[in-house]
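S.K.: Turn this into a structure:
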Amino acid sequence: MGGHVYLAYDYPVLGAFWTAMWVFLWVLWIFLLFRIVVDIFRDDSMSGWAKTGWLLFVLLLPFLGVFVYVIARGTGMGRREQHHVDQQQKAFDNYIRKTAGTEGGGGGSQADQLTRLSQLRADGTLSEEEFQKAKQKVLS
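M.R.: Coordinates of the predicted model:
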């Protein structure tokens, strides 16, 4: 057999390090590219034509497109991400309130609130004076 057989000790440690480094940088590049494409589609202030232009620029000339995008629009990426997270949190909170039956902000219907107050008074959590104040607040 005239071919070379490569064993594990034939692959130097520095070579393994550089391979791991290139794989890491490649994965980092893919994440950055994906993040920018998501940011392009998420931005409501851009028109469809602007989104198309940026998307073509980023996909056809990826290195130049990504770097120019980060320089030109990078400062707003964090704000847009925070706005998106805030919107998701509000939607989640509204869903929880709706599901729990506290949509009106007061904790349900007046009858439900009075029932809960009377249970708290019976358990000894509320004094008679606190119960009367809370009852007046519910009824007003």
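S.K.: tell me the SS of residue 126?
M.R.: The three-state assignment at residue 126 reads coil, by DSSP: H, G, I helix; E, B strand; the rest coil.
S.K.: So what's the residue count around it?
M.R.: The number of residues packed near residue 126 is 18, by other Cβ atoms under 10 Å. For every residue, glycine as well, the C-beta is placed using N, CA and C.
S.K.: do residue 44 as well
M.R.: Residue 44 has 7 neighbours, counted by other Cβ under 10 Å.
S.K.: Next, give phi and psi for it.
M.R.: Residue 44 adopts backbone torsions of phi -80, psi -10, taken as degrees, to the nearest 10.
S.K.: Check what pLDDT the spatially most central residue of the chain gets.
M.R.: The centre of the chain sits closest to residue 85, judged by Cα atoms, centre = their mean, with a distance of 4.5 Å. At residue 85, the predicted lDDT confidence score is 92.
S.K.: In which helix or strand does the nearest residue to residue 55 once chain neighbours are set aside reside?
M.R.: Closest residue to residue 55 in three dimensions, ignoring its sequence neighbours and counting by Cβ to Cβ, 6 or more residues apart in numbering: residue 40, at 5.6 Å. For residue 40, the host element (DSSP states H and E) is helix 13-42.
S.K.: got the buried residues for that helix?
M.R.: 33, 36, 37, 39, 40 (16 or more other Cβ atoms under 10 Å).
S.K.: could you dump these to CSV with pLDDT and distance to residue 46?
M.R.: What follows is the buried residues of helix 13-42, written out as CSV (pLDDT from 0 to 100; distance: Cβ to Cβ, whole Å):
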residue, pLDDT, distance to residue 46
33, 93, 18
36, 94, 13
37, 93, 13
39, 92, 10
40, 93, 7
